[in-house]
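**Q** Have a look; sequence and predicted model below, questions after that.
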Amino acid sequence: MSDGRWACVIALLLSSSLLCAAPSDGQTVRPSDDYHAQAVRILKTIPLIDGHNDIPDAIHGLGGLDSVNFAVSQPKLMTDIPRLRAGRVGGQFWAAYVPVTTMDSGPHPAVYALEQIDLVRRLCANNSGSMAMAHTAADVQRNFAAGKISCLIGIEGGHAIENSLGALRMFYSLGTRYMTLTHWRSLDWATASTDTSRRGLSAFGKQVVLEMNRLGMLVDLSHVNDQTMSDALHTSKAPVIFSHSSARALSNHPRNVPDSILKLVAVNRGVVMVNFNPAFVSEAVRVSDDSSSARTDALQKAGVDSASRADSLKKWQATAPHATLAQVADHIEYIRRIAGVDCVGIGSDFDGITEVPVGMEDVSKFPDLIAELLKRGWTEADVQKVAGLNVLRVMRDAERVSREMRGR
Ligand SMILES: [Zn+2]
């Protein structure tokens, strides 16, 4: 009997616990608490970096920074400093989300983006004991060593630049380090995932991508259609990111990344950061959500009043399926299998999603996800890559490409 098995017998005698058992490969199965402790220990050595969190828009919706004290618990939100600390978050790309409706009326998309960037910078400055701005991979490492959470800015929606490369350059100079090329609506230079057309990037769209490469701003392909993903991957001189998208093979949602593109990401050395949106994570939830909205539409067409519609929806939701933390881990493992372990990361979409997987309720839960990977037999080196080292490498590569292009 191996040492591990003796340890199990002793542990069983001592605690009458059934947690410790010897599987067929001879490896000792440990209690979940051990994996959690190991995850926390790992996240003390490298920064966990989340690709997408919508707190700026959520705070905007609650009346702005003056109405929210981010330093204390905020039960209405999925994110606050105490839970970022509990979740061992080392760096966060905050989304400067620009609603597509700004293309029609209200403030200009560029102004809206400026206000979101301003909000992130003030949020960071107001909480300077816990957070610090980061513009480079080296900044993230420095802040991490100083015990601070790095605040990184990503613009969500290329309509923010209003077809101006000058505006793009100014957004870079304000600290923007990625831009999601579209949101839910297509632009004249890039096509959104929900668009039925097969168009991809226009000639100007390719110019935008190359200018982002030259500046050192990451090209974010979450939200674009497959043709735009492919065009951008063939145009970009630097690794690209998907800041918040999962694997389409596991949930057939257009916001997820198909295998053909995952293979291109492997060649490009980019990173797909897995989204926690239950409909992106679980095929059963996606199908249920689709039929739920079809049902709501049908009730509306039949003239059913809004209170009865809401009641019917509530009953429907009571029996609806849920996504789970284990399924989020399945996406990470799937992307590792197709694109490689160097091309997968985490892009929660917290505070942008209204539902969450069971076990991944808020930013404090990241160590649980890392623990799940460890439990599945992942090495420490590989979970470090998923947690943050992959995106740091992509940032460094983009910075190098920028230096080379500026030098020419
Ligand atoms: Zn989004």
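**A** Everything's here; your move.
**Q** how does this protein divide into domains?
**A** As recorded under automatic domain parsing, the domains making up the chain are 1-30, 33-282+322-407.
**Q** For the residue most central in space within the chain, give me its contacts.
**A** For the chain, the residue nearest the mean C-alpha position is residue 347 (1.3 Å; CA atoms, centre = their mean). Contacts for residue 347 were tallied using CB atoms under 8 Å, 6 or more residues apart in numbering; they are 50-52, 222, 242-245, 273-275. Bear in mind the C-beta positions are built from the backbone N, C-alpha and C, glycine included.
**Q** Residue 139 now?
**A** By CB under 8 Å, 6+ apart, the contact set of residue 139 is 132-133, 150.
**Q** Go through the residues you listed and flag which are in strands.
**A** 132-133, 150 (DSSP state E).
**Q** Distance to residue 390, neighbour count and pLDDT for those residues - can I get that in TSV?
**A** Compiled in TSV, the ones in strands among the contacts of residue 139 are given as follows (distance: CB to CB, whole Å; neighbours: other CB atoms under 10 Å; pLDDT from 0 to 100):
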residue	distance to residue 390	neighbour count	pLDDT
132	22	20	98
133	22	17	98
150	16	25	98
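**Q** how about JSON lines for those, with distance to residue 192 added?
**A** Listed next are these as JSON lines, based on distance: CB to CB, whole Å:
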{"residue": "132", "distance to residue 192": "34"}
{"residue": "133", "distance to residue 192": "30"}
{"residue": "150", "distance to residue 192": "29"}
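**Q** those helices in the stretch 51-200 of the chain, which residues are they?
**A** With DSSP state H, counting those that start in this stretch as the definition, the stretch 51-200 of the chain shows helices at residue ranges 55-61, 81-86, 109-126, 137-145, 165-173.
**Q** Next, format those helices as JSON lines and append mean pLDDT and distance to residue 200.
**A** Formatted as JSON lines, the entries for the helices of the stretch 51-200 of the chain read as follows, by pLDDT from 0 to 100; distance: least, CB to CB, whole Å:
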{"stretch": "helix 55-61", "mean pLDDT": "95", "distance to residue 200": "28"}
{"stretch": "helix 81-86", "mean pLDDT": "98", "distance to residue 200": "37"}
{"stretch": "helix 109-126", "mean pLDDT": "97", "distance to residue 200": "21"}
{"stretch": "helix 137-145", "mean pLDDT": "98", "distance to residue 200": "29"}
{"stretch": "helix 165-173", "mean pLDDT": "98", "distance to residue 200": "19"}
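**Q** would you put the C-alpha positions of stretch 208-226 in PDB?
**A** Once side chains and other backbone atoms are set aside, the C-alpha atoms of stretch 208-226 remain, and they are given as PDB (Å, rounded to 0.1, in the frame of the first residue of the first chain):
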ATOM      1  CA  VAL A 208      -8.200  50.600 -37.000                       C
ATOM      2  CA  VAL A 209      -6.800  47.200 -36.000                       C
ATOM      3  CA  LEU A 210      -3.300  48.200 -37.300                       C
ATOM      4  CA  GLU A 211      -3.400  51.600 -35.500                       C
ATOM      5  CA  MET A 212      -4.400  49.700 -32.300                       C
ATOM      6  CA  ASN A 213      -1.300  47.500 -32.900                       C
ATOM      7  CA  ARG A 214       0.900  50.500 -33.400                       C
ATOM      8  CA  LEU A 215      -0.400  52.200 -30.200                       C
ATOM      9  CA  GLY A 216      -0.200  49.000 -28.100                       C
ATOM     10  CA  MET A 217      -4.000  48.800 -27.500                       C
ATOM     11  CA  LEU A 218      -5.300  45.200 -27.500                       C
ATOM     12  CA  VAL A 219      -7.800  44.300 -30.200                       C
ATOM     13  CA  ASP A 220     -10.800  42.700 -28.400                       C
ATOM     14  CA  LEU A 221     -12.900  40.400 -30.500                       C
ATOM     15  CA  SER A 222     -15.700  39.600 -28.000                       C
ATOM     16  CA  HIS A 223     -19.000  40.700 -29.600                       C
ATOM     17  CA  VAL A 224     -17.900  40.600 -33.200                       C
ATOM     18  CA  ASN A 225     -19.100  38.100 -35.800                       C
ATOM     19  CA  ASP A 226     -17.000  35.200 -37.000                       C
END
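**Q** thinking again about what came up before, ok, of the ones in strands among the contacts of residue 139, which one's closest to residue 107?
**A** residue 133 (24.0 Å; CB to CB).
**Q** Check residue 394 and give its pLDDT.
**A** The per-residue pLDDT reported for residue 394 equals 98.
**Q** whoops, I mixed them up, residue 301
**A** Note for residue 301: predicted pLDDT of 85.
**Q** residues near it, how many?
**A** Under the neighbour criterion other CB atoms under 10 Å, residue 301 is assigned a count of 8.
**Q** ok, it to residue 309 distance?
**A** 11 Å (CB to CB, to the nearest Å).
**Q** do the same with residue 118
**A** Between residue 118 and residue 309 the distance, using CB to CB, works out to 38 Å.
**Q** Equivalent analysis for residue 86, please.
**A** With CB to CB as the criterion, residue 86 and residue 309 are 38 Å apart.
**Q** Residue 81 too?
**A** The gap separating residue 81 from residue 309 is 39 Å, by CB to CB.
**Q** more neighbours, those two?
**A** Higher neighbour count among residue 81 and residue 309: residue 81, with 20 against 17, using other CB under 10 Å.
**Q** wait, what's in contact with that one?
**A** Contacts for residue 81 were tallied using CB under 8 Å, 6+ apart; they are 70-72, 127, 130-131, 149.
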